[in-house]
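> Make a model of this:
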Amino acid sequence: MVNNARTLDSLKVEEDGYSNRSMLMLEYLIDVVIPYELSIELASTSSSLSSIINVSSIYGLVPFNPNLYDNYPHGAPIQYSLAKASVIHLSKELSIRLRDKGIRVNTVSYGGVEGRVSDDFKERYSTLCPEGNMLTEDQTIGPVHFLASDLSQGITGQNIIQDGGWTTW
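Numbers count the residues shown, from 1 in each chain. Model (predicted):
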């Protein structure tokens with residue numbers, strides 16, 4: 001099972017740059033509470049579930065870089081990074097709690113992926129990454145494929161970071 005829920009509706013920021021409670025709670029609900037509930041439900045009803053993969057972000061590991069965003073903090077809502085950090089810890093907790101059921105639980109934390117960004121953002125991001133570019137969508141499947149396969153036997157509670165080296169610097 002791969003938990004990768006997303007809605008842009010939860011990433012709204014007030015005019016003053018701060019996030020209100022409803023946005024914080026919605027983001028936490030989508031990223032943490034629902035994946036937790038789904039994982040527990042499937043773990044208790046499915047005999048074939050062997051791997052849960054939660055999707056996080058580099059912003060679950062490090063804060064947003066204000067130099068990257070034209071309109072910081074509006075382009076960098078705090079609720080996103082707080083929830084993504086919680087996803088990493090959720091995987092660690094579930095890896096212990098579901099071990100008796102033979103279920104491995106891990107996280108993949110991605111760096112920036114090309115798509116909804118401007119060319120200017122892509123260029124700024126690339127200068128802050130040792131590989132010199134953002135990830136492509138095709139690159140994102142590797143860690144998930146590995147963690148979903150039998151090749152990852154013995155790996156649980158871990159966070160695989162695929163960020164082109166972003167968090168190295």
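> just the helices in this protein please.
Ranges of helices within the chain are 21-28, 34-45, 78-97, 119-127, 141-148, based on DSSP state H.
> So which of these has the densest surroundings on average?
Per-stretch averages of neighbours, counted by mean count of other Cβ atoms under 10 Å, single out helix 78-97 among the helices of the chain, with a mean of 19. Just so you know, the C-beta spots here come from the backbone N, C-alpha and C atoms, and that holds for glycine as well.
> mind listing what's buried in stretch 153-166?
For stretch 153-166, a neighbour-count test (16 or more other Cβ atoms under 10 Å) marks T156, G157, Q158, N159, I160, I161, Q162, D163, G164, W166 as buried.
> Now do it: distance from first to last residue.
27 Å (Cα to Cα, to the nearest Å).
> what is the rounded mean pLDDT of it?
Mean pLDDT, stretch 153-166: 97.
> And for stretch 130-147?
For stretch 130-147, the per-residue pLDDT averages 97.
> can you list contacts of it?
2, 51, 53, 104, 106, 108, 110-115, 117, 122, 125-126, 152, 155, 160, 162-166, 168-169 (Cβ atoms under 8 Å, 6 or more residues apart in numbering).
> now do 7 Å
With contacts defined as Cβ atoms under 7 Å, 6 or more residues apart in numbering, stretch 130-147 is touched by 2, 51, 53, 106, 108, 110-114, 122, 125-126, 152, 160, 162, 164-165, 168-169.
> Distance from that stretch to the middle of the chain?
Mean-position distance between stretch 130-147 and its chain equals 13 Å (Cα atoms, centre = their mean, to the nearest Å).
> Same question for stretch 115-125.
With Cα atoms, centre = their mean, you get 19 Å for stretch 115-125.
> do stretch 74-91 as well
For stretch 74-91, the distance to the chain centre is 8 Å (Cα atoms, centre = their mean).
> Next up, the contacts around the residue nearest to the spatial centre of the chain.
In the chain, the C-alpha nearest the mean C-alpha coordinate belongs to S56, at 1.1 Å (Cα atoms, centre = their mean). Going by Cβ under 7 Å, 6+ apart, S56 touches K84, V87, I88, T107, V108, S109, N159.
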